[in-house]
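Q: Could you work out the structure for the sequence below:
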Amino acid sequence: MVSTIGIYAGKGVLPLKVAQSIKDSGKDVFIIAIKGLTDKGVEKFPHRWMRFGQIGLAMKMLHNNYCDELVIIGGAHIPNFFLLFPDFSGLKLFFLLFKVRKNGDALIIKTIINYIESIQRIKVVGADVFLQDFLMPKGTITNTGLDKKSFTDISLAEETCTQLGIEDKGQACIVSNGKVIALEDINGTDYMLFRSFKDSKDQLKGGLLMKTLKPIQDPRVDLPTVGIDTLKLVKKIGLRGIILQSKKAFLIDKEKMIDFANKENLFIHGI
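A: Presented below is the predicted three-dimensional model:
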């Protein structure tokens, strides 16, 4: 019996990157793919397509393929994977989640992880184990560095994101010239950027975007993720750069992001 690492794949390219990394390490991989969400590139790996909420089937397929570890990865509102249209075998988890549904994503995700590990006996592993090259390093990775004003804004942004995370409301904020301009909510980072451009355009110039891990969340699931599209939005609305936590955030298009940032005089910095 060969041990296999399972992947519960959301949208985007990161599930594919995790699968390839597992394969390159010489281990077997099996992917749970969600219809209408997961990239069809997963079809080059062993996989099973299913709809939202078929948790019983997902767990059965993981066991049938000898998966004793599971990576949950992909840019989506993760609780929706488990709350929508549960199959009969997934009702136990559904009722557990129903009890905590108003307590925020962090507790919902912890409930999901506890169910998978305690009841299904499958260990949940962080995607960062397989995506070391995509993790944000410490320090500035662009030609453009930080000035004294930026460090002042970083201090306020870090304090703001920490409180936002403790309250389980979001992972990101915008700070400019010593003032908090916008806070992320359930709609995500890009929506916050669009909204701030619409509502506070004149206050954004010279500011920064910070995105951090919630202090209360399990770091194995839902690490902050930033890609080239978000960086382009940062440029469009007049911000000077992005601040992330080192080793606690993924850069999806790392080389493209660095090239774009250098061309547009933006910074990407890891605290």
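Q: switch to C-alpha atoms for all contacts and neighbour counts from now on
A: OK.
Q: Give me the buried stretch members for the helix ranked longest in the chain, please.
A: For the chain, the helix reaching the highest residue count under DSSP state H is reported as helix 148-166. Neighbour counts using 16 or more other Cα atoms under 10 Å place 150, 153-154, 156-158, 160-166 of helix 148-166 among the buried residues.
Q: phi, psi of Phe267?
A: With angles defined as degrees, to the nearest 10, Phe267 sits at phi -110, psi 150.
Q: Show me the beta-bridge partners of the residue nearest to it when sequence neighbours are not counted.
A: Closest residue to Phe267 in three dimensions, ignoring its sequence neighbours and counting by Cα to Cα, 6 or more residues apart in numbering: Gly241, at 4.5 Å. Residues in a beta bridge with Gly241, per DSSP bridges, are Leu208, Phe267.
Q: mind starting the numbering at 405 from now?
A: Done: numbering now begins at 405, and the last item shifts to Gly645.
Q: distance of Gly645 from Leu497?
A: Gly645 sits 41 Å away from Leu497, taking Cα to Cα, to the nearest Å as the criterion.
Q: ok, now Leu637?
A: Going from Leu637 to Leu497 by Cα to Cα gives 38 Å.
Q: More neighbours: which of those two?
A: Shown here are Leu637 and Leu497; by other Cα atoms under 10 Å, Leu497 has more neighbours (20 against 15).
Q: Helix or strand: which one has the more buried one?
A: Using DSSP states H and E, Leu497 maps to helix 495-504.
Q: tell me how far that helix is from the chain's mean position?
A: 23 Å (Cα atoms, centre = their mean, to the nearest Å).
Q: Do a quick rundown of the strands in the stretch 505-654 of the chain.
A: Read by DSSP state E, counting those that start in this stretch, the stretch 505-654 of the chain holds these strands, from start to end of the chain: 527-528, 543-544, 576-580, 583-587, 612-615, 629-630, 645-648, 654-655.
Q: tell me which strands and helices the helix holding Leu497 is in contact with?
A: Packing contacts for helix 495-504, counted by 3 or more Cα pairs under 8 Å, 6 or more residues apart in numbering; DSSP states H and E, involve helix 483-487, helix 509-518.
Q: Confidence-wise, which of those helices is weakest overall?
A: Ranked by mean pLDDT, those end with helix 483-487 in last place, scoring a mean of 51.
Q: Can you give me the neighbour number for Lys602?
A: Here the neighbour count serves as a burial measure; for Lys602 (other Cα under 10 Å) it reads 11.
Q: And it, how far from Ala586?
A: Plainly put, Lys602 is 11 Å away from Ala586 if you go by Cα to Cα.
Q: for Leu560, same thing?
A: As for Leu560, its distance to Ala586 is 12 Å (criterion: Cα to Cα).
Q: which neighbours do those two share?
A: Val579 (Cα atoms under 8 Å, 6 or more residues apart in numbering).
Q: circling back to that earlier point, which one of the strands of the stretch 505-654 of the chain lies closest to Asp432?
A: strand 527-528 (15.6 Å; Cα to Cα).
Q: Which other helices and strands does that closest one contact?
A: strand 471-477.
Q: cutoff 10 Å now
A: Using 3 or more Cα pairs under 10 Å, 6 or more residues apart in numbering; DSSP states H and E as the contact definition, the elements that strand 527-528 packs against are strand 408-413, strand 471-477, helix 509-518.
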